[in-house]
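Peer 1: build me a model:
(one chain, ligands or ions: 1)
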Amino acid sequence: MTPGARVAATIELLDEIVSHGLSGERGRPADLVANAYFRSRRFIGGGDRRAVSDRVWSILRRYGQLSWWLDRTRHPDRGARAIVAADLMLVEGLDMGQLESLFDGGTYRPSRLDEAEYRALRQMEGHSLPHPDQPDWVRLNVQEWVAPHFREAYGDGWGREVAAIETPPPVDLRVNRLKATVEQAREALAREGIETDTMRYAPDGLRLRRRLSVVKGKAFQDGLVEIQDEGSQLVAALVDAQPGMQIADYCAGAGGKTLAMAARMNNKGRVVAMDVYESRLDRSAQRLRRAGAHNVERRPIDADNRKWLKRQAGAFDRVLVDAPCTGTGTWRRNPDGRWTLRPEDLAELVPKQAAILDAAAKLVKPGGGLIYATCSVLPAENEKQIAAFLERNDGFEVVPVEALWRDILPTEPPADAGSTPYLRLSPLKHGTDGFFAAALVRKEATRAVAAPRATAGAGAEATEEGAPDAVAETAPDPAAEAGVDAAPVAVPDVAPQAAPEAPDAPEGPREPSA
Ligand SMILES: C[S@@+](CC[C@H](N)C(=O)[O-])C[C@H]1O[C@@H](n2cnc3c(N)ncnc32)[C@H](O)[C@@H]1O
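Peer 2: Residues are numbered from 1 along each chain as shown. Got it, this is the predicted structure:
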């Protein structure tokens, strides 16, 4: 592709993403739009694909500032063409002459700039993206209404935390301990030319030194590794799934954390993967097969399983609630989420998370653990959610995560782990996606959540009491209602910074890439 043709493709792809929902309508996530775009244009080679998707993802990270410049210069257009031209001036540092040589109307290249466009773009010449007149939320590329939530989460340091989301994320792998040790997997990857480093926090994790496609390689195909952010690995590890235990993964989705927990159980005991969307659970089947995990049962939360679910009250050693959320912790992977999240999404999610938590809590046996997690950093979905749950459910208490970590993980917890009873991971401080996790233990227990190994698999009597009535009635995920659920598994090599390979991307208003 010529440089001009790449610019034309960048405009075209960005235009599709914008028209699929960036303008505020609920739509398809950007990585799925990108995958579909490239799938229907097989003639675009790998290098061009990567260049175009890199550019689009970089633009999505700076969309707020770029739009600000269009307003300031009274650009006649707010669409993809205007944004891309502004990006070439303000981020790439092109001058008007260079811009005109790309927008020259040639074959496969963007049409010539008209007079009004020229006038606006001329005013950007020689400037860079930041400007002293930009308010904080513009400078940090978030919507105005979200900014106070970040401020609440991080206090005075919120700007640095949000700025860190602009850095493209690494590719993280979790070694499947059913099939390999960390060293064996590392060597297998090295034989494919994929160099990795062990992780600071997640004991089974490997981080790629360079962003490369993993999924077609032998190590991945043989089930030695899965793609999973370090934060996500840590949440699953803190469940402390042990061989012989009964584990409920209440919001299992396509099974990212189900797989991680099953891998720790040596195929002994049982993980029940549940979700209101059977299609999501179905997507885990192939991954489970590849991983060699045979102790996972899939149970959609639907009318057919209603009675079964009632009988499971108090039956589980551990219940993980990986709740649907705003996904604010994953915006470095899914930068379109910054612009698609609406205040009403948060308003809908908070009561929904509470209902899920209440329903799932009924499954925990006395002395068993309930782990609530989100890939959000907003207190409304996290600390406040737990405080409200404890108000409603005095049969549970919090187990400080730092103590739990020291008890069950071989790695040293982050230095700031003791500052809160919860796990609070951030891209800035920990190099992971933003994650929150709270570990709770059901009282009447003689042992705490970190040490229930003696009771593993003992399976409390099933009763009709405390049946999780709220479960089936819980409103479906808004994104799934919008039909995103039917989206295909994201294809690698596309929009690499969006981690389209990652099969356990977050879910919420912003749907998963798998
Ligand atoms: C964050 S995602 C789960 C990701 C998954 N645990 C993983 O690690 O790959 C949240 C999941 O909650 C599910 N969900 C939404 N509403 C639910 C409900 N009322 N009960 C159970 N699951 C629900 C969604 O379908 C979605 O798959």
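
Peer 1: now do the same contact list for the residue of the chain positioned farthest from its centre.
Peer 2: Seen from the C-alpha centroid of the chain, the residue lying at the greatest distance (CA atoms, centre = their mean) is E115, 42.4 Å away. Listed by CB atoms under 8 Å, 6 or more residues apart in numbering, the contact set of E115 is empty. Quick note: C-beta positions are derived from backbone N, CA and C, even for glycine.

Peer 1: how near is it to R151?
Peer 2: According to CB to CB, to the nearest Å, E115 stands 42 Å off from R151.

Peer 1: S67 now?
Peer 2: Distance of S67 to R151, given as CB to CB: 22 Å.

Peer 1: same deal with W69?
Peer 2: 25 Å.

Peer 1: which of these two has more residues huddled nearby?
Peer 2: Counting neighbours by other CB atoms under 10 Å for W69 and for R151 shows that W69 has the greater number, 25 against 17.

Peer 1: the more buried one belongs to a helix?
Peer 2: Yes - assigned with DSSP: H, G, I helix; E, B strand; the rest coil, W69 falls within a helix.

Peer 1: max-length strand in this structure?
Peer 2: strand 364-374 (DSSP state E).

Peer 1: what distance separates that strand from the middle of the whole chain?
Peer 2: Averaging C-alpha positions (CA atoms, centre = their mean, to the nearest Å) puts strand 364-374 22 Å from its chain's average.

Peer 1: contacts for the helix or strand just after that strand next, please.
Peer 2: Of the helices and strands lying after strand 364-374 in sequence (DSSP states H and E), the nearest is helix 383-392. Helix 383-392 is contacted from outside by 350, 353-354, 357-358, 361, 372, 396-398, 420, 422, 436, 438, 440, using CB under 8 Å, 6+ apart.

Peer 1: now with 7 Å?
Peer 2: Applying CB atoms under 7 Å, 6 or more residues apart in numbering, the contact partners of helix 383-392 are V350, Q353, A354, L357, D358, Y372, F396, Y422, A438.

Peer 1: the host helix or strand of the last one pairs with which strands?
Peer 2: With elements taken from DSSP H and E, the one containing A438 is strand 435-442. Strand 435-442 sits in its sheet next to strand 364-374 (antiparallel), strand 396-399 (antiparallel), strand 423-425 (antiparallel), going by DSSP bridges.

Peer 1: for the residue nearest to A164 when sequence neighbours are not counted, pull up the helix or strand it's in.
Peer 2: Using CB to CB, 6 or more residues apart in numbering and skipping the chain neighbours, the partner closest in space to A164 is L428 (3.6 Å). Assessed by DSSP H and E, L428 sits inside helix 427-430.

Peer 1: so how far is that helix off the chain centroid?
Peer 2: Using CA atoms, centre = their mean, the offset of helix 427-430 from its chain centre is 15 Å.

Peer 1: do the same with stretch 240-247
Peer 2: On the basis of CA atoms, centre = their mean, stretch 240-247 sits 25 Å off its chain's mean C-alpha point.

Peer 1: circling back: and of the strands paired with strand 435-442, who's closest to E100?
Peer 2: Nearest of these to E100, taken as CB to CB: strand 423-425 at 46.1 Å.

Peer 1: let me see the mean pLDDT of the closest one.
Peer 2: For strand 423-425, mean pLDDT is 98.

Peer 1: now the end-to-end length of stretch 244-253.
Peer 2: Its start and end residues considered, stretch 244-253 measures 23 Å (CA to CA, to the nearest Å).

Peer 1: surely G244 is in contact with R270?
Peer 2: No - taking contacts as CB atoms under 7 Å, G244 lies outside contact range of R270: 9.1 Å.

Peer 1: so how far is R289 from the residue nearest to A164?
Peer 2: L428 sits 38 Å away from R289, going by CB to CB.

Peer 1: out of those two, which sits in the more crowded spot?
Peer 2: Taking neighbours as other CB under 10 Å, L428 and R289 compare with L428 leading, 16 against 11.
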